[in-house]
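A.B. asks: Sequence first, predicted coordinates after that:
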Amino acid sequence: MNYLILSRVSWEEYPYKRLLDLLPERADICFAGGMTPEQQACSGIRPVALTELNTWDGGSFTLLVSSPYWLPDVLALQPAYTVALLEPCPEGENEIMWEKYSALLAARADLVGTVSERLYLEQNLCRPRVVYLSGDYPLSCGLLRRGERLFFLSDYEEVWTRALTGLWQPACSGAGDWLVIQRRLRADFYVSMCGKMPHQPTVHYLAATYLYLLGDEAAERYLAKSFELMLLHDYTDCLHSHYRFFSAIEAKKGNLALAVAQYEITAFTEEERSTAVQMRRWLDSGDSGLLQAELYRVNEDVAEAIRVLENLSCPEAQPLLLQNYIASFQWEKALQLQRLAALSSSEAGVIPLPGGAVLQGGGMPPASTALLAGTEIPSYGGVQLPVIEGTMHLLHGRRHAAIRSFLRVAGAGGEARTLFAEMADLEEAAGRLKGGADDEQG
Amino acid sequence: MSKDKPLRKTSGNRLTAMMQVRNESGRYLEQVLEELSGFVDDIVIVDDASTDDTARLCHSFAKVTKLVTLEGPLFHREWELRQTLWELAVSTDPDWLLSVDADEFYEEEAKREMRRLIDQDAYDSVAFRLYDFWGGTTHYREDEHWNIHTKHTRTLVRYLPQFYYFTPQMNHHVPRLPLSYAVLPAFFAELRVKHYGWALPPEALRQKYERYMELDPEGKWGSLEQYRSILDDNPNLVEWQERREHERPE
Amino acid sequence: MSYESDYSASIERLAGRYRYLEQEGLLPLPVKDGVTLVVLLRHAGWAAECLNLLHQHSGASVTLIGVAMNRDFPLPPLAEAFPGVTCIPYESGNDGVNEALAYAGTSYVALIEDTVMVSPGWIGHLLWPSIDVPAVQVIAPRSSTELGEGREQLHFGTDLELSAYVSHSLGRQQGGWHEVEVLGGSCLIFTRELLLRVGGFDPGLVRRQLMVADWCLRARQLGIRLALSDAVYVHSLHPLEVDHEGKQEGEQAYLAKWGLDASAVKMDTDAGILPVPADVSILLPRPGIPLGRSAVAPVPLVTAVVFSDEILTSGQSLRSLQRLQEQQSYGNIRWVWVRDIRSEALPEIAVREQDAVIAVQGEKSWLHALENVSALYGSEIVVYLSASADYDTHYVERIAGAVRHGSADLVVSRTGSAMEETATDHGWPGPTAKKLPLERIAHRSGIVPGRITRGEPPYSLLLAPGPSLAIGYIGGPPELNASNMQAGGEVCL
C-alpha cells in the first residue's frame, strides 16, 4: 500500500513518525511538503510538491491527514482510503471552525485516529472505526520487522496496524476485533483506577463509558458509583451527563420502558418533553427500533442510533437517520439520502441507500422548516439543508454553487454573511497550511 | 404503579407527609399532626421503638395512613432509620413527599401555597427557610452557630419512581431526603418553617447539650463550639413576625 | 604490596579479562554438549522471529525443537524456513511438550514460548548458576511473564532499545542470581538430569504458567534449588486477545494438587501472584508425569503394590517386577515393592524416581506395611499385585477403572476376563468375616483396606476388608449360597 501524508506541520515537527515506521505493507510513502535529503534517507519517505497534488492519482494511496483544512484536497484526490488523525484545536486556530471541519474530515475518513482521549471517546460515539493512539498498557503486544530493524509494538500500535490492515482486508478473520480489544483495554485500565481511586467520580465515569461501549452490564454499577460520588462532592450539574446516561445503558440492555422513564425524568425543555412524548408513543406501539435509536441519539451515541436506523425499513426511520447523519457530520450521506428520497417521492418500492439501508418511496419530511421569501427551507437538527449543501460544494471546490446555497439560507442575511465569512476563513486556513508546506520546500 | 400516571402532574397531586418519631409524648407531636392534617393528604410515620404512648397518639389521627413501630431503636443508625422511613413512604405510591420532624411547623403562608407549589411540572423539589426557635415559641436564634434560616432546606420533593435515590450511609447527620434531588430542578421558596426543637427551658437545653456531648464528645459529627453554644446565657434572639394573609413573602 | 592486595588485583584483572571476552562474544557456552531449546509455537506472526533470534543469539551448540500447540498453527512454512529445527505437529490427545522433552539429549534443556525475544548473551548467563551451585538446576531470566520479583513489565520500541537495556542489565548485575521459591515464566532452563527425575509437565493444570510452577515445586521436593537470574532479561510479547480458557480449571487443579486452600491464599496469575506451599519437603511426593508421547488428559496415577511370599534373589525380584511392568497396558503406574527381606541385606533393584522399594524385616512388619502402604503415596487408586501371579494386559486398567467409576471403596476381580460388570455389596450379612485374595484387590485412596493375613494356595495373602467398606466385584457379587462358604468365613472366588 502507498501512503501520502498531509500534515499540519513540517516534517521536522511531524508527531506521528513512529506510526509511519509501523505502517503495514509499506510501499511508496510520500510527504506533502519539504524534506531535506538527510530526512529522506533516514525515513525512507519522499517529499511531494504541493503543485504535484493537483495531478496526483490518489487511487492507490491511503492518505494520512492531520489537519481538517486538507479536506478539499482529500476530496479532490479521491484516495483509496483516508485516515484522519484528529488533534485538539491548536493554539492560534479558530476553535469552532477547527472542530467543525475536523468532524467533517472524520466523517469522510475510513479510519480515525487520535492521541486525545476526549476526541477518541467523542468519535466512538459517532462512528465505528476509531483508534486511540495512546495507552497505559505497559507491555509489548506485537512486532514488525523492517529490514535490519525489529519494532516492538505497544498495545495501541498493534491496534493501529490491525486497523489499517483491516481497511483493505475487511473479510479476514478478526478484522473488526481491534476496536473491541482497545475498548476493553481502556475499560480494564479505568476499572483498575477505580480500585486505586475509589472516591474519584471521573475514573468511575470513564470506566462506565467504556463498559457501555462494550455492552458490558457492569457499566451500570460504575455509573451509579460515579453518580453517587458526584453527589457527595456536591457536583450537582450532572443530570444529563450522569443520570440520563442510565437510559442509554438500559436501552442497550433492551429495557426500553425503564430507559424511557429515565429519560423522561431528565426532560424539561420543550424539545425534550416532546421527544419524551414521542418515545412513549413508540413504546406503546411497539416500535422498539425507532425508540432505541432515539434513546441513543438523546444520549449522543449517534453511531448506535445510525446502526439501528440503517437496519430499519419503516419510513419513519429515514428522517431520523438523516438527522443523525447530520449530527455526526456525515453530510454527504445526508444529502444523498435526501436526494434519493426526493427523487423517489412519486415512486413505489425501496431504494438502496449508502451503508446498506433502504429508503421507502414517499419523500422525507424535515424536522422543521424556516420560511425565506415564501420558500420553506428544510432544517434538520437545527442545521439548514442549504448550509450543508453549501459546505459540501465548498469542500468540493464548487465555489459558485456554494455561494448560491448559502444565499438560500433563511434568516435576515446575518446567517449568510456568517457563512461567507467562514468560507473566507476556510480558504485562508487552507492557504496558510499550504503556504507553510511551500515554505518547507523552499 | 399506574402505567397511565404521568411523571409530573400539574394538578391533583397527593401530598404525603413523612415523619420519624421517638418518645414524643408531652412534646409537640400532637400539634404537628393536627396542623399537618389540615394541609396534607396522608401521613406516614416510623416510630423508632417509642416506649411511651407516641404510637397511640399517632394512631388517633385519621390521616396517619401508615405507622410502623420498630421493635428496636435505630436512633444510632440514622441511615437505616431514614431508609426505613423512605421505603415506607414510597410504598404508598406518593406524588409529593413532605419530610417533617415532630417539632416542625409550617407558617400559614406556606400551608396556603402548598398546593400551588406541587401542582406544576417545572421543578421537583422545594426548599424552605428553617428557623430554630430558642427557649420558647416567640423568638428564633440568630448568631454565628445558629443561622440555618440563612440557607434553604429541602423538605418537599416529587417522588419519581425510576429515579436513582442515594443517601450516604452514615450513622449521624444523614440528610432527611436522598441527595439525588440536588441534580433536579428545585424551587427555593421564601416560605418559613418553625423548628421548636430548641424551644426549651434552660434545664432541658442543658440536658440536650449533655446528650450531644455524650454521643459525640470529640465533635466528629458536629461542631463542639456549636454544642457549647447551647449553654449560652444570652443568645441573640429575634422576635418572630407572623405574616398577614395579604403579605407576600420577599 | 601485600599478598592480599596482589591477590585482589589479580582477581580484578581476571574479572576484567572475562568481561572483555564476554562482551566480544568470545566465550563459549559452559556446557560441552549444548542446549536443547524446546519452543512452544502458538503465534504464527511471532514464532519465526522468536526462532530467528534464538538462532542468532544462542550460539552454534543449540538444538531447536518447535512444538505446535494448536491445530491452526501453520507449521509447514516455518519448518521450511527453519530446516534445522525439529518440528512436532499438533496432535489432539498428545502432549507435544512432554514428547519434545523426551527427545532432548543435551545436558541442558530450555522451555520457551514463542512470545519470547532473546538478546545476545542470554543463554550463557543462564547456565552459570547451576555451575556456581550444583543444587541449582532450574534457572529463569527476568521477564514480564515471570512470577513475583522476577516479573518486569517493560516495553521497548525497537530491538536496539531492548539490546541497550539488556546490555546495561548484564553489566550492572554481572553474574548475579538468587534463589526463589517458584518460577512460572515463559522461559525456563533446567538440566536433563533433573528432567529425567521429575518427569514431564502436568497437562492437567491446563495453563503453561501453572505447569511450570508445578514442575518447579516437584523439583524442589527432590531437593533442587531454583534460581532467578538478576542479570538476564528476556522480552516477552503479550497478545492483545487475552485467553482465559482453562484458567479457572487450571488454578483450581493447582490449588488442589498442592493442598492450598483457595479462600486462604491470594492468587492472581495475571499479576504474577501464585501461592506456594510453605514447605514442599513435608508434602507427599507428587506423582511424576512421564516424558514422551502420552494422553493430554492423563489417566489417574495407580500405585501398584507388589508383594511376593517367596524369597527371591535380586535378579528374580527384578525379573518379576519387569514382567509385571511389561505386562500392563495402563499408562500411569507407580510401582511399590514391599519386601520382607528377613535376614537378607537389602537387594538392589533399580527403580524409577517415582517408584519405590519398601523393605521390612519380619512377617508382621511386612503385613503391616502392605496394609498401610497406601497412606504413603498420593494416588487415586491402589492395586495389589503378586509377583508370582499372572495378569492379563488390561488387568490394572480394568480394575482401576472399576474403582474410579464405581461407588465401591474396594473392588475384587473375580477372574481375569474383560468387560465384566461391577456390583456393589455393602457388607456380607452374617457373622462370618469375608476374606479376599489380596492379589485380586484394588481400592480407592484414603482408606486402610483391612487386615492382611496368610492364606492358603493358591492365594498366599488374604485381606479381611474393613467392616464399613463398600465392596464391589468385577463379575458380580458372590452367590449368597452357604455351600460356597467355608469355615472361617472365607469366600472362594
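C.D. replies: Perfect, thanks for sending it. Numbering: from 1, shown residues only, chains lettered A, B, ... in the order given.

A.B. asks: what about the nearest residue to residue C:365 once chain neighbours are set aside, neighbour count?
C.D. replies: Setting aside the residues directly before and after it, residue C:365 is nearest to residue C:340 in space (C-beta to C-beta, 6 or more residues apart in numbering or on different chains), at 7.4 Å. Every C-beta, even on glycine, is put in place using the N, C-alpha and C of the backbone. Here the number of neighbours of residue C:340 (other C-beta atoms under 10 Å in any protein chain shown) works out to 20.

A.B. asks: If I look at residue C:340, what pLDDT would I see?
C.D. replies: On pLDDT, residue C:340 comes in at 77.

A.B. asks: for the stretch 101-250 of chain A, what spans make up the helices?
C.D. replies: A:117-124, A:155-168, A:177-196, A:201-214, A:218-232, A:245-253 (DSSP state H, counting those that start in this stretch).

A.B. asks: now the ones you listed as a markdown table including distance to residue A:309, mean pLDDT and mean neighbour count?
C.D. replies: As requested, the helices of the stretch 101-250 of chain A are arranged in a markdown table below (distance: least, C-beta to C-beta, whole Å; pLDDT from 0 to 100; neighbours: other C-beta atoms under 10 Å in any protein chain shown):
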| stretch | distance to residue A:309 | mean pLDDT | mean neighbour count |
| --- | --- | --- | --- |
| helix A:117-124 | 18 | 97 | 18 |
| helix A:155-168 | 24 | 94 | 23 |
| helix A:177-196 | 20 | 95 | 19 |
| helix A:201-214 | 19 | 98 | 23 |
| helix A:218-232 | 23 | 97 | 20 |
| helix A:245-253 | 14 | 98 | 24 |
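
A.B. asks: Out of those helices, which is closest to chain B?
C.D. replies: Proximity to chain B, assessed across the helices of the stretch 101-250 of chain A by C-beta to the nearest C-beta, is greatest for helix A:218-232 (4.3 Å).

A.B. asks: elements contacting the closest one?
C.D. replies: Judged by 3 or more C-beta pairs under 8 Å, 6 or more residues apart in numbering or on different chains; DSSP states H and E, helix A:218-232 is in contact with helix A:177-196, helix A:201-214, helix A:245-253.

A.B. asks: how much space between the residue nearest the centre of chain B and chain A?
C.D. replies: Closest to where the C-alpha atoms of chain B average out (C-alpha atoms, centre = their mean) is residue B:100, at 2.9 Å. According to C-beta to the nearest C-beta, to the nearest Å, residue B:100 and chain A sit 23 Å apart.

A.B. asks: do you know which of the helices of the stretch 101-250 of chain A lies nearest residue C:231?
C.D. replies: Distances from residue C:231 to each of the helices of the stretch 101-250 of chain A were compared by C-beta to C-beta, and the smallest falls on helix A:155-168, at 28.4 Å.

A.B. asks: Contacts for the closest one next, please.
C.D. replies: Here helix A:155-168 makes contact (C-beta atoms under 8 Å, 6 or more residues apart in numbering or on different chains) with A:1, A:18-19, A:22-25, A:62, A:80-81, A:83, A:110-111, A:113, A:129, A:131-135, A:137, A:139, A:141-142, A:144, A:153, A:172, A:174-179, A:181-182, A:185, C:240.

A.B. asks: What are the buried residues along stretch A:238-247?
C.D. replies: Using 16 or more other C-beta atoms under 10 Å in any protein chain shown as the burial criterion, the residues of stretch A:238-247 that qualify are A:238, A:239, A:241, A:242, A:243, A:244, A:245, A:246, A:247.

A.B. asks: Which of these sits closest to chain C?
C.D. replies: Checking the buried residues of stretch A:238-247 one by one against chain C (C-beta to the nearest C-beta), the nearest turns out to be residue A:245, at 27.2 Å.

A.B. asks: wait, what's in contact with the closest one?
C.D. replies: Residue A:245 is in contact with A:208, A:212, A:223, A:299, counting by C-beta under 8 Å, 6+ apart.

A.B. asks: same thing but 7 Å
C.D. replies: Applying C-beta atoms under 7 Å, 6 or more residues apart in numbering or on different chains, one finds that residue A:245 lies in contact with A:223, A:299.

A.B. asks: same thing with residue C:399?
C.D. replies: C:383, C:411, C:413, C:442, C:474.

A.B. asks: Any chance of a markdown table for the residues you listed, columns distance to chain B and neighbour count?
C.D. replies: Compiled in a markdown table, the contacts of residue C:399 are given as follows (distance: C-beta to the nearest C-beta, whole Å; neighbours: other C-beta atoms under 10 Å in any protein chain shown):
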| residue | distance to chain B | neighbour count |
| --- | --- | --- |
| C:383 | 61 | 26 |
| C:411 | 59 | 27 |
| C:413 | 66 | 25 |
| C:442 | 60 | 30 |
| C:474 | 64 | 26 |
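
A.B. asks: Run the chain-centre distance for the strand ranked longest in chain B.
C.D. replies: Ranked by residue count and defined by DSSP state E, the top strand of chain B is strand B:186-195. Remark: strand B:186-195 is offset 12 Å from the chain centroid, using C-alpha atoms, centre = their mean, to the nearest Å.

A.B. asks: What's the first helix or strand after that strand?
C.D. replies: Toward the C-terminal end, the helix or strand that comes next after strand B:186-195 (DSSP states H and E) is helix B:202-215.

A.B. asks: The helix or strand just after that following helix: how far from the chain's middle?
C.D. replies: Counting by DSSP H and E, the element after helix B:202-215 in chain order, helix or strand, is helix B:224-229. Here the centre of helix B:224-229 is set off from its chain's centre by 22 Å, with C-alpha atoms, centre = their mean.

A.B. asks: For helix B:224-229, what does the pLDDT average out to?
C.D. replies: Rounded to a whole number, the mean pLDDT of helix B:224-229 is 93.

A.B. asks: Show me which positions of the helix or strand following it end up buried.
C.D. replies: Beyond helix B:224-229 on the C-terminal side, the first helix or strand identified by DSSP H and E is strand B:237-239. When neighbours are counted by 16+ other C-beta under 10 Å, the buried residues of strand B:237-239 are found to be residue B:237.

A.B. asks: what does strand B:237-239 rub up against?
C.D. replies: Counting contacts by C-beta under 7 Å, 6+ apart, the residues outside strand B:237-239 that touch it are B:134, B:138, B:139, B:140, B:141, B:142.

A.B. asks: Also stretch C:166-186?
C.D. replies: By C-beta under 7 Å, 6+ apart, the list of residues contacting stretch C:166-186 from outside reads C:112-113, C:115-116, C:119, C:121, C:125, C:128-129, C:138, C:140, C:143, C:145-148, C:150, C:209, C:212-213, C:216-217, C:225-231, C:233, C:236, C:274, C:276.

A.B. asks: Identify those among those residues that sit within strands.
C.D. replies: Secondary structure assignment (DSSP E) places C:112-113, C:116, C:138, C:140, C:225-231, C:233, C:236 from the contacts of stretch C:166-186 within strands.

A.B. asks: pLDDT wise, what is residue C:484 at?
C.D. replies: Turning to residue C:484, the model gives it a pLDDT of 34.

A.B. asks: One more: residue A:377?
C.D. replies: At residue A:377, the pLDDT value in this model is 57.

A.B. asks: you'd agree residue A:266 is up against residue A:244?
C.D. replies: Yes. The criterion here is C-beta atoms under 7 Å, and residue A:266 meets it with residue A:244 at 4.4 Å.

A.B. asks: residue ranges for the strands of chain B, please.
C.D. replies: If DSSP E is used as the criterion, the strands of chain B fall at B:15-21, B:42-47, B:64-69, B:96-99, B:104-106, B:125-132, B:139-141, B:153-158, B:186-195, B:237-239.
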